[in-house]
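# Need the 3D shape of this:
(one chain, ligands or ions: 2)
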Amino acid sequence: MPTVHSVTYQLLRRQGLNVVFGNPGSNELPFLKDFPEDFQYVLGLHEGVVVGMADGYALASRRPVLVNLHAAAGTGNAMGALTNAWYSHSPLVLTAGQQARSMIGVESMLANVDAPSLPRPLVKWSYEPACPEDVPRALSQAIHMANLPAKGPVYVSIPHDDWGREVEEDAALVARRDVHHASTPSDAQLAGLAERLNQARNPVMIVGPEVDAEHANALAVELAERLRMPAWVAPSASRCPFPTRHACFRGVLPAAIAGISSKLDGHDLILVIGAPVFRYHQYAPGRYLPQGAELIHLTSDVQEAARAPMGDALVGGLRATLEKLLPTLTQSERAMPEPLPLPQPMADEPGRLAPESVFDALNELAPKDAIFVKESTSTVTAFWQRVEMRHPDSYFFPAAGGLGFGLPAAVGVQLARPERQVIAVIGDGSANYAISALWSAAQYGVPVVFIILRNDTYGALRWFSRMLDAEDAPGLDVPGLDFCSLARGYGVDAVCTDTRDAFENALRQALNATKPMLIEVPTTTIEP
Ligand SMILES: Cc1ncc(Cn2c(C)c(CCOP(=O)(O)OP(=O)(O)O)sc2=O)c(N)n1
Ligand SMILES: [Ca+2]
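Numbering: from 1, shown residues only. Ligands and ions are numbered 1, 2, ... in the order given. Reported below is the predicted structural model:
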């Protein structure tokens, strides 16, 4: 007779979830026993690392990914990383081991009391099957819930005494299900959208992470060129949806209400594609839209469409919508926008490099299809100005701003995309939230280039403290960190470089290495 265990692995194999990111406890061992040869287990030393690696892997592979956590404590440790996975629409299938069914009620050790409530609201769906026989079907539901729009993490808690239970032959029917989403706007909806775009006097496009997630970057470029309109990246950018040296590219919008309106002043139609309206950050009140402007929002996310404070929205498959929209648009006679000017070099200081100088060196030496995983919060603007990004999947940043994403996500992205070089650019503050990801990189030989920008402070918070008139706040400096020793302690070769030449030499060496390497760079501080 088949068992919950055998049918589950049949389901995972058939649906392509054969890479498992986890950190085990006794509750998880009955699931992990007889682990199949064609599956890979990737161990993280902390559940924040586990989910961060899985998030990077899911975003870069565009596939649902299985995560196996340890009961309540493991789920709790994962919640920080889950904030990013929720807002990046990462299709993570989180499973957590539960105590034996008869031991949950007495709240024995490792019982995950009220398990489905624990990860909410950072999951699309959360469930603990009412009986062992329902586990395979519940996991099938979880996979399809995670992968249907709007994609996002789901959670299933499974008592450890379920795995050996025998099930009917029919239980395996779930393993053979194919569930797909197909939704395009009606001809009437498209005609209405095309009419507004064709008639706009001075339209502007704002592109978001879903454009990159759907690999619709080239369609966005075609749309910008067809209507001869500037293209901004939506605020709080977690991906790069538009080539950054294209003539239409205008940079990343500020994450402030007043700032967005001022940047868009003069445009009469604002087309937002694949981003929430908007992911504001600093509180800077003002008008939501410039005088006389209308906004149209294209997204596959019902919640993003419903919660926007202004504008109209069309909810559907993004690629399909753009593919059907483009042939209905007439070529604009407007002049093409002028390309942005290239930034000037920045001087280094004795013993410290300017972050701009690090980014200029990266732009010069990194492979043209490198994938950057960024998590240094004060250097985002300088990075987007100086490092050219051309292809889909070229940039990942924590989508909820939850730090501890960068190091593990870089490992996950490199595991998913071995054909492209992953370069992690991490602040010395951010690096500490999931530093043990370096151990996983070393153990699995994942050749990420880790660059730690050490300015000995929480640079972005220094800027916020001035904005919020809290410059005397304590806890804003992080001096005395030695990332080379920390890296070596986790098994990663490391070097500290405090001149441009030394950094470039170390970067060349790291780019040619077949194992991970960390470069610590003392840097000056800059305004975000
Ligand atoms: C998990 C977590 N904890 C704390 C913060 C607060 N925070 C912190 C602590 C920042 C400073 C990050 O410093 P860094 O060294 O990584 O980068 P910069 O010096 O370039 O800002 S930015 C920010 O929002 C956060 N976003 N996420
Ligand atoms: Ca810092």
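
# Which elements pack onto the one helix or strand His144 maps to?
If you go by DSSP states H and E, His144 is part of helix 135-147. Counting by 3 or more C-beta pairs under 8 Å, 6 or more residues apart in numbering; DSSP states H and E, the packing neighbours recorded for helix 135-147 are helix 4-14, strand 92-98, strand 125-127, strand 154-159. To be clear about C-beta, it is placed using only N, CA and C from the backbone, and glycine gets the same treatment.

# who wins for proximity to ligand 1 among these?
Shortest distance between ligand 1 and these, using C-beta to the nearest ligand atom, is found for strand 92-98: 17.9 Å.

# tell me what that closest one is packed against?
Packed against strand 92-98 by the contact rule (3+ C-beta pairs under 8 Å, 6+ apart) you find helix 29-32, helix 47-61, strand 65-69, helix 71-87, helix 135-147, strand 154-159.

# still on that earlier bit, kindly reformat the helices and strands packed on helix 135-147 as TSV containing distance to ligand 1 and mean neighbour count.
Output for these, formatted as TSV (distance: least, C-beta to the nearest ligand atom, whole Å; neighbours: other C-beta atoms under 10 Å):
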stretch	distance to ligand 1	mean neighbour count
helix 4-14	30	21
strand 92-98	18	27
strand 125-127	22	19
strand 154-159	20	26
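
# Of those, which is nearest Asp265?
Nearest to Asp265, of all those, is strand 92-98, at 39.7 Å by C-beta to C-beta.

# Give me the sheet partners of that closest one and which way each runs.
Note on strand 92-98: by DSSP bridges, its sheet partners are strand 65-69 (parallel), strand 154-159 (parallel).

# And the next helix or strand after it, how far out from the chain middle?
Tracing the chain C-terminally past strand 92-98 and defining elements by DSSP H and E, one meets helix 101-104 next. Offset of helix 101-104 from its chain centre (C-alpha atoms, centre = their mean, to the nearest Å): 36 Å.

# cool, stretch 109-126 as well?
Counting by C-alpha atoms, centre = their mean, stretch 109-126 comes out at 22 Å from the chain centroid.

# so how far does it reach from one end to the other?
End-to-end distance for stretch 109-126: 22 Å, by C-alpha to C-alpha, to the nearest Å.

# Same question for it: list its buried residues.
Leu110, Ala111, Asn112, Ala115, Leu118, Pro119, Leu122, Val123, Lys124, Trp125, Ser126 (16 or more other C-beta atoms under 10 Å).

# Do you know the pLDDT at the fourth one?
This points to Ala115. Note on Ala115: pLDDT of 97.

# for it, phi and psi?
For Ala115, the backbone dihedrals are phi -50, psi -50 (criterion: degrees, to the nearest 10).

# same deal with the first one?
Recorded main-chain torsions at Leu110 are phi 70, psi 10, according to degrees, to the nearest 10.

# For burial, what's the neighbour tally of the one residue in the chain that gets nearest to ligand 1?
Among the residues of the chain, Gly427 lies nearest to ligand 1; the distance is 2.2 Å by C-beta to the nearest ligand atom. Neighbour count of Gly427, defined by other C-beta atoms under 10 Å: 26.

# Any chance you could list what contacts stretch 115-122?
Stretch 115-122 is contacted from outside by 72, 75-76, 78-79, 82-83, 85-86, 94, 96, 98, 112, 126-128, 153, 155, 157, using C-beta atoms under 8 Å, 6 or more residues apart in numbering.

# distance between the helix holding His144 and the chain's centre?
Relative to its parent chain, helix 135-147 has a centroid offset of 22 Å by C-alpha atoms, centre = their mean.

# go on, stretch 167-180?
Distance of stretch 167-180 from the chain centroid (C-alpha atoms, centre = their mean) equals 31 Å.

# Mind listing what's buried along it?
For stretch 167-180, the neighbour count (16+ other C-beta under 10 Å) marks Val167, Ala171, Ala172, Val174, Ala175 as buried.

# Same list (those residues) but as CSV, adding pLDDT, secondary structure and distance to Cys248.
CSV is the format used below for the buried residues of stretch 167-180 (pLDDT from 0 to 100; DSSP: H, G, I helix; E, B strand; the rest coil; distance: C-beta to C-beta, whole Å):
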residue, pLDDT, secondary structure, distance to Cys248
Val167, 98, coil, 56
Ala171, 95, helix, 53
Ala172, 95, helix, 51
Val174, 95, helix, 46
Ala175, 94, helix, 46
